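Peer 1: predicted coordinates and the sequence they were generated for:
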Amino acid sequence: MVRRATVRAVDGLDALFGIDAAALALLIGVEISTARRWLRRRALPAPAARLLAIVRLGDLGVIDPSWRRWRLLEGELVSPEGWRARPGEVLALPFLRAQVAEAARRRRIDLQADWIAGEWVEPREESAALAETSVLGPRRRSA
């Protein structure tokens, strides 16, 4: 007999058991008799408990601990701080990173200090305009 890991109704999983057998069977994709047995025993197989935690609570921490306190709510990824991102915004992250890297590269080339002399080298006029609109923040001058 193969023994399966189960998750008892502890550690906040009580909220998961607030649904009826039909709803549980539909959410998890099992027969209603299986859902009834789980509810009667107040224990779910660990994979089913993780899936239910995602579906009911939006909790991504059940998949991987590094995503603890991140949620999927109403089609948005929500950070522990409450920042929200739609799928299109998440897909845009590589493009945004590339833009920031390019801006940083231009800034390093055009707005660099003369480190040997310890003096600020004034940028060309077009570089100064770039610095004023930079996503990296205002430039710092040495004192």
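Peer 2: Looks like it arrived, so ask away. Numbering: from 1, shown residues only.
Peer 1: which residue ranges of the chain form strands?
Peer 2: Here the chain has its strands, by DSSP state E, at 6-8, 43-45, 71-73, 76-78, 84-85, 113-114, 119-120.
Peer 1: what pairs with the fifth one, parallel or antiparallel?
Peer 2: Translated: strand 84-85. For strand 84-85, the paired strands and their directions (DSSP bridges) read strand 76-78 (antiparallel).
Peer 1: buried sites along the partner strand?
Peer 2: For strand 76-78, the neighbour count (16 or more other C-beta atoms under 10 Å) marks 77-78 as buried. C-betas here are computed from N, CA, C, even on glycine.
Peer 1: contacts for that strand?
Peer 2: Contact partners of strand 76-78, identified using C-beta atoms under 8 Å, 6 or more residues apart in numbering, comprise 58, 70-72, 84-86, 90.
Peer 1: low-confidence ranges, this protein, go.
Peer 2: Scanning the chain for pLDDT under 70 picks out 1-17, 109-143.
Peer 1: domain map for it?
Peer 2: Domain ranges of the chain: 6-84, 92-132, per automatic domain parsing.
Peer 1: and among these, the most buried is which?
Peer 2: Highest mean neighbour count of the domains of the chain: domain 6-84, a mean of 15 (counted as mean count of other C-beta atoms under 10 Å).
Peer 1: same for the helix ranked longest in the chain, what does it pack against?
Peer 2: Under DSSP state H, the helix in the chain containing the largest number of residues is helix 93-110. With contacts taken as 3 or more C-beta pairs under 8 Å, 6 or more residues apart in numbering; DSSP states H and E, helix 93-110 sits against helix 125-132.
Peer 1: turn the contacts of strand 76-78 into a markdown table, including distance to Ala35.
Peer 2: Output for the contacts of strand 76-78, formatted as a markdown table (distance: C-beta to C-beta, whole Å):
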| residue | distance to Ala35 |
| --- | --- |
| Gly58 | 21 |
| Trp70 | 27 |
| Arg71 | 24 |
| Leu72 | 22 |
| Arg84 | 32 |
| Ala85 | 33 |
| Arg86 | 32 |
| Val90 | 33 |
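Peer 1: give me the neighbour count for Gly88.
Peer 2: If you count neighbours by other C-beta atoms under 10 Å, Gly88 ends up with 7.
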